[in-house]
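A.B. asks: next comes the sequence, and after it the predicted model I'd like to discuss.
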Amino acid sequence: MNVAVTSALREPQALPGWTSPQWEALVRQARSANLLSRLAAVAEDAGVLPQVPAAPRAHLEAARVVSQAHAEAVRREVTQLRKALASTGIDIILLKGAAYLYAGLPAARGRLFSDVDILVPGAALAEVEAALMQHGWATTHHNAYDQRYYRRWMHELPPLRHVSRQTVLDVHHAILPPTARLKPDSAKLLAASRAVSGEPRLRLLAPADLVLHSAAHLFFNEDLGSGLRDLVDLDSLLRDFGRPPEFWPELSARAVELDLARPFYYALRYCRRMLDTPMPEHALRAAETGRPPLGLHRLMDAVFLRALQPQQRGVPDRLAPLARQWLYVRAHWLRMPPLLLACHLTVKALRRQEEGTVPGR
Amino acid sequence: MIWRELDGELVVRNAETGSTHLLGALAGDILQALIEAQSGLTADDLVARLRNDTASEAQWHAAIEEVLTEFERLGLAERAA
Amino acid sequence: MIVADLRHEELARTLAGAGLRLRTGPFVSRIRSRLPALCDTIALHYAEHPLDDAGGFADFHVRLTAPRSLRRWLRPQVLFEFDDTAAFHPLPAGQAFPVLEWGLNWCVSAHCHQYLIVHAAVVEKSGSALLLPAPPGSGKSTLCAGLVTRGWRLLSDELALIDPATGRIIPLPRPIGLKNASIAVIRAFASRAVLGATVHDTAKGAVAHLKPPVDSVRRAAQAAMPRWVVLPRYEAGAGARLKPVARGRAFMQLADNAFNYHLHGRSGFELLAQLVEACACYELAYGDLEQAVQACETIAAQP
């Protein structure tokens, strides 16, 4: 299987030695995985960007322009968000990409942002939604079924789109839905959160919680299309936060405390396998508490490793789409009790038929 | 906010909204006056600064108010409480 | 090596196999297709364009195929694939060459953000570039073709690539797309120009392509500083009315017609401001191509 992207991310110092055909494959794969701008940042940070041949370097430069524009757009969005929610007096916890950006983390370097995710207390949800509507955000998913799905069964409002800026906002009140089998405690996340210096009312999850949320998101999210991108986020967070040795036992303990031992196990396993993330042996041993039973373990290995690779170019991997589909079902299974799931998937399938939509790639 | 004067008009890019605008002579003058003043300016201040004899004081007031309303809509300026 | 150096069978074999690595301006496109009609039109329009080695770096990987479906027996179609994924819906097979051209334009405008890309025609005379930014239907391609058949160098008929580092326009000489009435106008205007066959019933009506002049293709490495901006507008019955236009308006037209102005943020603003400050800016309403070309000659003749 072609592994140009993970290879390049693991060893950027070797990039000046890559041949033109290797660069061709790399640029195509990285673009397909939405990691071209990340690759550009990694090459720049490794000091090798000037030695990349001019033709592929132009593509990296183009991707850099895009990621810079994305970062500026996120900052503008968060500024508007703060203004809109100022009257509620509520603290907004930034999640994922926006969090990495405001924390100045290496994980934000070269990242693309598709929307802004925030976490607010469940009790404040109605007030937050009202304030957002007043400032130009409107709900998407007007279908009554979808509205119920998001609000009652998931952990978020249906995505909100701003009427004039057309940007998308996801408002969460927990990091996994109340109907999920695992039960991480949002109150603990809020209690451990930190203020963003210089930005009133903006908060970030504690480092260990940022890692665990990313792991939960990756391994429970139904759309594994951006799987490798999310793994790259995790790798970056672990490399950065994991430099002081005391981080690791804290992280392991927190995983158990938040009932996220399983996704934590997968996170360490696949980060090490695919991106060579440095991690102490004791952390891997501690993560074993989250190890799945043998049969499931083998299956998950086969499924994740296939699904996390960017789409193979030129030689189609016929199993990869199936792997992704299986993960879609699995992610839903872990988030919703089975009865609800069957009902939900049937409705989704029926609706797709009605709309005549072709599944995305 | 960055701007350039081109042939007597102003092109402006507002970093806060990411939008770019072309402002005619009066709007350009108003924006520049607002930027130069450290604290805000009232409509009266602006009339006093900018008016000349080409129109009455009332007409100047009306024109300036219109521009300020448009600025607010575009996110180029805010009315202080 | 250029495309014309390949015998027809070799060209067909290369297209059907590993792909033709065609250089256009700063880009190399690896084009694959088994459609015989496409082979002929590539041989015609890209005869003088250079070919790149198999061991080089291709910027784009595109394929034009007949999609596998029942329709292929009743009404053959052509599908444009970028990186093995369909980029557009299939279209009638007779439109293969226009589809290639639109597809190659899309490759650039969707990806090449190292440049500020304006939807404009660009031509050059005496070392300086004339930009014709305009939305479709404004007559810019007709005027571009008119100028190019009267000795102006073609930099591009659709995509002005502005280099942020230098402010120069980077040439991308490719066939000029003409629509509907323009086709007959150009045939009459320049009887010796090489025009491909007219393709009917496309989304834009009838379409034909004008082969770029050899000189424009050979000088593709020579960038040019912009010196004139002309906003064209086709107006039936008008001769040619040239009027200076305020630079602020020219700036906004360039920004409005740019594919990626917002991606360049502050730098994009400054780049366009510098560009219009250095240019004489006009608007040109025209109904008569000869007079319009003359008007541009007049602008270029000024010190």
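C.D. replies: Everything's here; your move. All figures in this text were calculated on a predicted structure; none of them were measured in a lab.

A.B. asks: distance of the residue lying closest to C:G127 once chain neighbours are set aside from C:A87?
C.D. replies: With sequence-adjacent residues excluded and distances taken as C-beta to C-beta, 6 or more residues apart in numbering or on different chains, C:G127 is closest to C:A224, at 6.4 Å. The way it works is simple: take the backbone N, C-alpha and C, and place the C-beta from them, glycine included. With distances taken as C-beta to C-beta, to the nearest Å, C:A224 is found 30 Å from C:A87.

A.B. asks: ok, now C:R63?
C.D. replies: The value you get for C:R63 to C:A87, if C-beta to C-beta is used, is 10 Å.

A.B. asks: how about C:P133, phi and psi?
C.D. replies: Backbone torsions for C:P133, taken as degrees, to the nearest 10, come to phi -80, psi 140.

A.B. asks: after the worst-scoring helix or strand of chain C on mean pLDDT comes which helix or strand?
C.D. replies: Least confident helix or strand, chain C: helix C:71-74 with a mean of 66, by mean pLDDT, DSSP states H and E. Per DSSP states H and E, helix C:71-74 leads on to strand C:77-82 as the next helix or strand towards the C-terminus.

A.B. asks: for that following strand, which strands pair with it and how are they oriented?
C.D. replies: Paired with strand C:77-82 in the same sheet, following DSSP bridges, are strand C:60-65 (antiparallel), strand C:85-86 (antiparallel), strand C:91-92 (antiparallel).

A.B. asks: which residues outside that strand are in contact with it?
C.D. replies: Residues outside strand C:77-82 that contact it (C-beta atoms under 8 Å, 6 or more residues apart in numbering or on different chains): C:35, C:38, C:60-67, C:69, C:71, C:86-88, C:90-93, C:95-96, C:99-100, C:102-103, C:106-107.

A.B. asks: need the three-state assignment for the spatially closest residue to C:A18 that is not a sequence neighbour.
C.D. replies: Excluding the flanking residues, the one nearest C:A18 by C-beta to C-beta, 6+ apart is C:A54, at 6.4 Å. Three-state assignment for C:A54 (DSSP: H, G, I helix; E, B strand; the rest coil): coil.

A.B. asks: what's the burial count for C:A54?
C.D. replies: Look at C:A54: counted by other C-beta atoms under 10 Å in any protein chain shown, it has 13 neighbours.

A.B. asks: what pLDDT does the model give it?
C.D. replies: Per-residue pLDDT puts C:A54 at 88.

A.B. asks: and it, how far from C:G17?
C.D. replies: Distance of C:A54 to C:G17, computed by C-beta to C-beta: 11 Å.

A.B. asks: more neighbours: which of C:R63 and C:A87?
C.D. replies: Between C:R63 and C:A87, counted using other C-beta under 10 Å, the more crowded position is C:R63 (20 against 16).

A.B. asks: hang on, the earlier thing: got the phi/psi numbers for the residue nearest to C:G127?
C.D. replies: Per-residue torsions, C:A224: phi -140, psi 140 (degrees, to the nearest 10).

A.B. asks: over to C:E283?
C.D. replies: Dihedral angles (degrees, to the nearest 10) for C:E283: phi -120, psi 150.

A.B. asks: which strand residues bridge it?
C.D. replies: C:L231, C:K243.

A.B. asks: could you check what's spatially nearest to C:I162, not counting adjacent residues?
C.D. replies: Of all residues beyond its chain neighbours, the one nearest C:I162 is C:L116 (4.3 Å), with distances taken as C-beta to C-beta, 6+ apart.

A.B. asks: ugh, wrong one, C:G287
C.D. replies: Spatial nearest neighbour of C:G287, excluding adjacent residues (C-beta to C-beta, 6+ apart): C:A238 at 4.0 Å.

A.B. asks: that neighbour - how many residues pack around it?
C.D. replies: Using other C-beta under 10 Å: C:A238 sits among 15 other residues.

A.B. asks: that one - that's part of a helix, no?
C.D. replies: No - counting by three-state DSSP, C:A238 falls outside a helix, being coil.

A.B. asks: where does the stretch 101-250 of chain C dip in pLDDT?
C.D. replies: Scanning the stretch 101-250 of chain C for pLDDT under 70 picks out no residues.
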